[in-house]
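S.K.: Sequence and predicted structure are below.
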Amino acid sequence: MTRLKTRADFLKVQKGVRRVTPSLTLEACAGPAAELRVGFTATRKLGNAVHRNRAKRRLRAAAAAVLPASGRAGRDYVLVARPGTLERPFASLLSDLAAAVAAAHLRLDASGETL
């Protein structure tokens, strides 16, 4: 997995498929390379810097556990923190992410989006 870092990449993924769960929002689209890329974001609505950083740490850990098995090469993913990211047990966060990835893949496959 490589990281998305530029604003242009985040904006491109934002136009793709979005899946919302109680603990996170997953945005996905076809990527330019044959590798899996992932980015993380947390807005100020979530709280102060301590809360945002903690939420992103939890999202990074969840992505490291779920995306190598469930993610697809050639896809870009952005995980957006929600208030539930801080409150939900980690096992629930993992299951939310796995379900969101599966639903996003179904939607991307149905739309016929290519790389």
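M.R.: Structure's in. What do you need?

S.K.: switch to C-alpha atoms for all contacts and neighbour counts from now on
M.R.: Fine.

S.K.: hey, where'd the strands end up in the protein?
M.R.: Per DSSP state E, the chain carries strands over the ranges 2-3, 17-20, 24-30, 37-41, 75-81.

S.K.: A28 - how many residues pack around it?
M.R.: By other C-alpha atoms under 10 Å, the residues close to A28 number 27.

S.K.: For the nearest residue to it once chain neighbours are set aside, give the beta-bridge partners.
M.R.: What sits nearest to A28 in space, not counting adjacent residues and going by C-alpha to C-alpha, 6 or more residues apart in numbering, is Y77, at 4.5 Å. Counting by DSSP bridges, Y77 forms beta bridges with A28, V38.

S.K.: these two touch, right, Y77 and V13?
M.R.: Yes - assessed by C-alpha atoms under 8 Å, Y77 is found in contact with V13 at 6.9 Å.

S.K.: Overlap in contacts, these two.
M.R.: Residues touching both Y77 and V13 by C-alpha atoms under 8 Å, 6 or more residues apart in numbering: E27, A28, C29.

S.K.: so where's this structure uncertain?
M.R.: For the chain, the stretches flagged by pLDDT under 70 are 113-115.

S.K.: how much space between the residue nearest the centre of the chain and G112?
M.R.: For the chain, L79 is the residue whose C-alpha lies nearest the centre (C-alpha atoms, centre = their mean; 2.6 Å). Counting by C-alpha to C-alpha, to the nearest Å, the gap from L79 to G112 is 22 Å.

S.K.: try K56
M.R.: Taken as C-alpha to C-alpha, the span from K56 to G112 is 31 Å.

S.K.: And the helices in this structure?
M.R.: Using DSSP state H, the helices of the chain run over residues 7-14, 49-70, 83-87, 90-111.

S.K.: Kind regards, and thank you for your time.
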